[in-house]
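> structure of the sequence below:
(chains A and B)
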Amino acid sequence: MNDVLDVAIRLIIVFAAFLVLPLVVGQAEHKVMAHMQGRLGPMYAGGFHGWAQLVADGVKFAQKEDIVPADADRKVFQLAPAVALLPYLLVVLVIPIGPQEGAVGQVIDAGVFFVLAVMGIGVLGSLMAGWASANKFSLLGGLRTAAQLLAYELPMLLAAASVAMAAGTVSLPGILDSFEWWWLPWQLIGALVFFVAGLAELQRPPFDMPVADSEIIFGAYTEYTGLRFALFLLAEYAGIVVLCGLTTVLFLGGWHGPFGEDGLGWVWTLLKTAILAFVVIWLRVTYPRLREDQLQKLAWTTLIPLALAQIALTGIVKVAIQ
Amino acid sequence: MPPIPGSGLAKGLAVTLRTMTKRTVTAQYPDVQPELPPRTRGVIALFEENCTVCMLCARECPDWCIYIDSHKETVPAAAPGGRERSRNVLDRFAIDFSLCMYCGICIEVCPFDALFWSPEFEYAETDIHELTHERDKLREWMWTVPEPPALDPGAEEPKEVAAARKTAEKLASQRAQETRQAEEAEQARQAERTERTEQTEQADRAQQAGPGTTGTVRPDSADTDRPSTDSPSTDHSGPDSPKEGKE
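Modelled structure (predicted):
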């Protein structure tokens, strides 16, 4: 009975974090973008600093008509947003935020494998949406999404593999247990590759070419309206949380910080995640969108060689230590 | 030295970060009205008392967006035996602001100062027909026309003011001459009188009359000066006079 209660509490906490953190990132994106671009629009709703902007967005999405195109593959079309969103919930379940047993939803021995495999599923949502919309723009967007994900899955996996190699384990808490501060410079290249590839995986600017609203009209999401579209957006923000959390755990030492090791480890994890989320938004504001060919070129000619070099470096250092 | 590869990317990040810490300088328009200069081209106002239906504005308008209808009325002769006169009476004056391109040529060409720029710009409508402003609406804009800006300190005097001042000076000098002549005549009369009256009486008279006559000349000429210079200038500054006329 006690076990059931424990599981229930953990699920509720993970679910709450899954619902709250993406909204926090969304709100932060509104405000940071507004400040960086010198705009006042998102500072208006609700009064002080536009605190109600996100609420207003939610109301707007909720009151839109929910449309399914006549020729669409109804079931697949309606299921796609859920398929895009749910994998991130599963990933949040296994990300450790503190050193204690209670600070993880569920400890999985093959954590890195699980996380990367499940994140790959989120992509399926975009593909389903693109195919089921019965719209050539959506289909093109879906195909571009597929091409982009194929390209960036590889450097992401290689970079993660380098960390697993360094720690000698694929368990996420295990990697953090063996973390030393000098891993930061050692795994720096891998961290950059992982972060950039993760951005591309999420189709965040500057890698949002498949959803380019000016070129192929929001890609795979052309036909989506109202709450289903909001779910896709939520999936994007949940993806940011997950990516930043994973980067924190794999490369930045998670709960390890200069002080407060035992009781306040989760603060370090959340702080690092928040800083990375800010960087995601910062990159979005700063850089223009990459073209299709530039996007592919970056993955195949820059990121993959860098990731391979990181693995080689990790191997050499590892052998040298022993 | 060639730039370090990727330094441009870092520079971009620095720019956005710096912008984030700066205050956003944006006109908060619907909350705060913009401060428009007096020569802003917002909407065209009609001061129809000045309009003589000469049609110059409608004919010069490149867009043909000014519509004027009028009829002729005969005015009976002013004096017995005089001729009857005819004059144009304005029936309709409308400007279609959906066509107007705000070139301001109509205002430039109006020889009688009947058209003015008003800085009001918030007259959007949901129906395009509503953008044709008839004369009553154009008259309402007239109350929003700001005063013309003051002349530069070293500027040439406006023609009508100069002309008025000249006539006033002429009148004043005429008046002064007349009083001087009257004074001389008075003195001559007094001289005649002194021959008849005694020495003491003569001295008293001269003291009383001296300041009295010279004192009346100055204020008199000043009074004639003021209305004659002022009235043309109020006629000229069209925006002011209708306000006074309404009140």
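
> what about residue 58, how many neighbours?
In the absence of a named chain, this looks at chain A. 15 (other C-beta atoms under 10 Å in any protein chain shown). Where C-beta positions appear, they are placed from N, C-alpha and C, glycine not excepted.

> meant chain B actually
16.

> tell me how far it lies from chain A.
43 Å (C-beta to the nearest C-beta, to the nearest Å).

> pLDDT at the spatially closest residue to that residue that is not a sequence neighbour, what is it?
In this structure, B:Ala58 finds its nearest non-sequential neighbour in B:Ile66, 4.2 Å apart by C-beta to C-beta, 6 or more residues apart in numbering or on different chains. Reading off the confidence values, B:Ile66 has pLDDT 94.

> same thing with A:Leu306?
For A:Leu306, pLDDT reads 91.

> B:Glu183 too?
Among the per-residue scores, B:Glu183 holds a pLDDT of 91.

> A:Val24 now?
90.

> ok, A:His49 next?
For A:His49, pLDDT reads 79.

> quick check: nearest residue in space to it, chain neighbours excluded?
A:His49 sits nearest to A:Met43 (C-beta to C-beta, 6+ apart), 5.9 Å away.

> doesn't A:Gly50 make contact with the one you found?
Yes - the pair A:Met43 and A:Gly50 passes the contact test of C-beta atoms under 8 Å, sitting 4.2 Å apart.

> between those two, which contacts overlap?
Shared contacts of A:Met43 and A:Gly50 (C-beta atoms under 8 Å, 6 or more residues apart in numbering or on different chains): A:Lys31, A:Ala34.

> picking that back up, and the residue nearest to B:Ala58, bridged to which residues?
Beta-bridge pairing for B:Ile66 (DSSP bridges): B:Ile95.

> ok, now which ones touch it?
B:Ile66 makes contact with B:Cys57, B:Ala58, B:Phe93, B:Ala94, B:Ile95, B:Asp96, B:Cys106, according to C-beta under 8 Å, 6+ apart.

> nearest to B:Arg175, of the residues you listed?
B:Cys57 (42.9 Å; C-beta to C-beta).

> once you drop chain neighbours, what's closest to that closest one?
Once chain neighbours are set aside, the closest to B:Cys57 by C-beta to C-beta, 6+ apart is B:Cys106, at 3.6 Å.

> what's the one you found in contact with, if anything?
B:Ile44, B:Cys57, B:Ala58, B:Glu60, B:Cys61, B:Ile66, B:Leu115.

> ok, the residue in the stretch 151-300 of chain A positioned nearest to chain B - how many residues close by?
At 4.6 Å from chain B, A:Thr286 is the closest residue in the stretch 151-300 of chain A, using C-beta to the nearest C-beta. Using other C-beta under 10 Å, the number of residues around A:Thr286 comes to 20.

> quick one: the helices in the chain, in order.
As the question left the chain open, I've gone with chain A. A:2-36, A:53-63, A:74-94, A:111-132, A:136-167, A:172-177, A:183-186, A:188-201, A:226-251, A:265-286, A:292-297, A:304-321 (DSSP state H).

> meant chain B, my bad for not saying
Going by DSSP H, chain B shows helices at B:7-21, B:56-60, B:105-109, B:135-142, B:159-196, B:199-236, B:240-246.

> so which residues make contact with the first one?
This points to helix B:7-21. A:Val32, A:His35, A:Met36, A:Gln37, A:Gly38, A:Trp282, A:Leu283, A:Val285, A:Thr286, A:Tyr287.

> equivalent analysis for the second one, please.
Contacts of helix B:56-60 with the rest of the structure, by C-beta under 8 Å, 6+ apart, involve B:Trp64, B:Ile66, B:Tyr67, B:Ile68, B:Ile105, B:Cys106, B:Ile107, B:Val109, B:Cys110, B:Pro111, B:Leu115.

> dump the contacts of helix B:7-21 into TSV; add pLDDT as well.
Conversion of the contacts of helix B:7-21 to TSV gives the following (pLDDT from 0 to 100):
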residue	pLDDT
A:Val32	87
A:His35	86
A:Met36	87
A:Gln37	85
A:Gly38	83
A:Trp282	91
A:Leu283	90
A:Val285	88
A:Thr286	89
A:Tyr287	88
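
> JSON lines for the residues you listed, including distance to A:Gly58?
Listed next are the contacts of helix B:7-21 as JSON lines, based on distance: C-beta to C-beta, whole Å:
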{"residue": "A:Val32", "distance to A:Gly58": "19"}
{"residue": "A:His35", "distance to A:Gly58": "22"}
{"residue": "A:Met36", "distance to A:Gly58": "23"}
{"residue": "A:Gln37", "distance to A:Gly58": "23"}
{"residue": "A:Gly38", "distance to A:Gly58": "26"}
{"residue": "A:Trp282", "distance to A:Gly58": "25"}
{"residue": "A:Leu283", "distance to A:Gly58": "25"}
{"residue": "A:Val285", "distance to A:Gly58": "23"}
{"residue": "A:Thr286", "distance to A:Gly58": "27"}
{"residue": "A:Tyr287", "distance to A:Gly58": "28"}
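
> could you verify my assumption that A:Phe89 touches A:Phe15?
Wrong residue type there; residue A:89 is Leu, not Phe. Yes - here A:Leu89 reaches A:Phe15: they are 7.3 Å apart, a contact under C-beta under 8 Å.

> which one's more surrounded, those two?
More crowded of A:Leu89 and A:Phe15, by other C-beta under 10 Å: A:Leu89, with 18 against 14.

> now do the more buried one, the pLDDT please.
87.

> now A:Gly190
89.

> ok, A:Ile121 next?
A:Ile121 is given a pLDDT of 84.

> quick one: contacts for it?
So A:Ile121 contacts A:Val83, A:Pro87 (C-beta under 8 Å, 6+ apart).

> do A:His35 as well
B:Thr19, B:Met20, B:Thr21, B:Thr24.

> got TSV for those residues, with neighbour count, distance to B:Ala185 and pLDDT too?
Output for the contacts of A:His35, formatted as TSV (neighbours: other C-beta atoms under 10 Å in any protein chain shown; distance: C-beta to C-beta, whole Å; pLDDT from 0 to 100):
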residue	neighbour count	distance to B:Ala185	pLDDT
B:Thr19	15	87	84
B:Met20	18	91	84
B:Thr21	8	88	85
B:Thr24	14	82	75
